[in-house]
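>>> how would this look folded up:
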Amino acid sequence: MAMIPEALVKECRAKLVQAKMEILNRVRETRSHLDNEDRGGDEADQTVRVLAEAEFLNMHDRLRHQLMEIESALGRIENGSYGHCEETEEPIEHDRLRAIPWTRLSIEGAEIRESMNKRYARG
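Purely as a prediction, here's the structure:
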């Protein structure tokens, strides 16, 4: 397996840690905003609040998934498997790692996985 340059790994680790902090702060701020909202009001106010809570839960689920991907990428850095495609086992393109530091797939690997998902989704 080809090695990913240490400078790139450090750059990606810093981006991952920064992204993790941003996600945690975003969830904390949004939760705080929802917790501080007035619970009274008429039906329209209550409906708006329920919709805001549903939107928060959807966003929270997406952010939780992204946070898990970030944590997984940090784990791959620690165990030395970072930067290698799960499909092809080839190194992931450096520009792709810079753009999406938590990615598990090279462009080729993503295309393979997408074609497999399409093939089995039709079945």
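
>>> and Ala52, what element?
Using DSSP states H and E, Ala52 falls within helix 43-79.

>>> how about the one helix or strand Ala7 maps to: buried residues?
Per DSSP H and E: Ala7 is located in helix 6-35. By neighbour count on 16 or more other CB atoms under 10 Å, the buried set for helix 6-35 is 8-9, 12-13, 15-16, 19-20, 23, 27, 30. For the C-beta atoms, the positions are set from N, CA and C on the backbone; glycine is no exception.

>>> who's in contact with whatever helix or strand comes next after the helix holding Ala52?
Scanning forward in sequence from helix 43-79 by DSSP H and E, the next helix or strand is helix 94-99. For helix 94-99, the external contacting residues (CB atoms under 8 Å, 6 or more residues apart in numbering) are 4-5, 8, 11-12, 15, 83, 103, 106-107.

>>> least confident of the residues you listed?
When these are compared on pLDDT, Ile4 comes out lowest, with 89.

>>> got the phi and psi for it?
phi -90, psi 130 (degrees, to the nearest 10).

>>> distance check, it against Ile100.
Note on Ile4: its distance to Ile100, by CB to CB, to the nearest Å, is 14 Å.

>>> same check, this time on Glu111
Distance from Glu111 to Ile100, by CB to CB: 15 Å.

>>> same check, this time on Lys20
14 Å.

>>> find the nearest non-adjacent residue to Leu24, please.
With sequence-adjacent residues excluded and distances taken as CB to CB, 6 or more residues apart in numbering, Leu24 is closest to Leu67, at 7.6 Å.

>>> low pLDDT regions in this structure?
Residue ranges of the chain with pLDDT under 70: 1-2, 35-40, 122-123.

>>> redo that, cut-off 80
Counting by pLDDT under 80, the chain shows low-confidence ranges at 1-2, 30-41, 121-123.

>>> please report phi then psi for Ser81.
The phi and psi values for Ser81, taken as degrees, to the nearest 10, are phi -100, psi 0.

>>> with only the CA atoms kept, save stretch 114-123 in PDB.
The C-alpha coordinates for stretch 114-123 follow below in PDB (Å, rounded to 0.1, in the frame of the first residue of the first chain):
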ATOM      1  CA  GLU A 114     -22.600   3.700  -6.600                       C
ATOM      2  CA  SER A 115     -22.900   1.300  -9.500                       C
ATOM      3  CA  MET A 116     -23.300  -1.600  -7.100                       C
ATOM      4  CA  ASN A 117     -26.000   0.300  -5.100                       C
ATOM      5  CA  LYS A 118     -27.900   1.000  -8.300                       C
ATOM      6  CA  ARG A 119     -27.600  -2.600  -9.400                       C
ATOM      7  CA  TYR A 120     -29.000  -4.000  -6.200                       C
ATOM      8  CA  ALA A 121     -31.600  -1.300  -5.700                       C
ATOM      9  CA  ARG A 122     -33.400  -2.400  -8.900                       C
ATOM     10  CA  GLY A 123     -33.600  -6.000  -7.800                       C
END
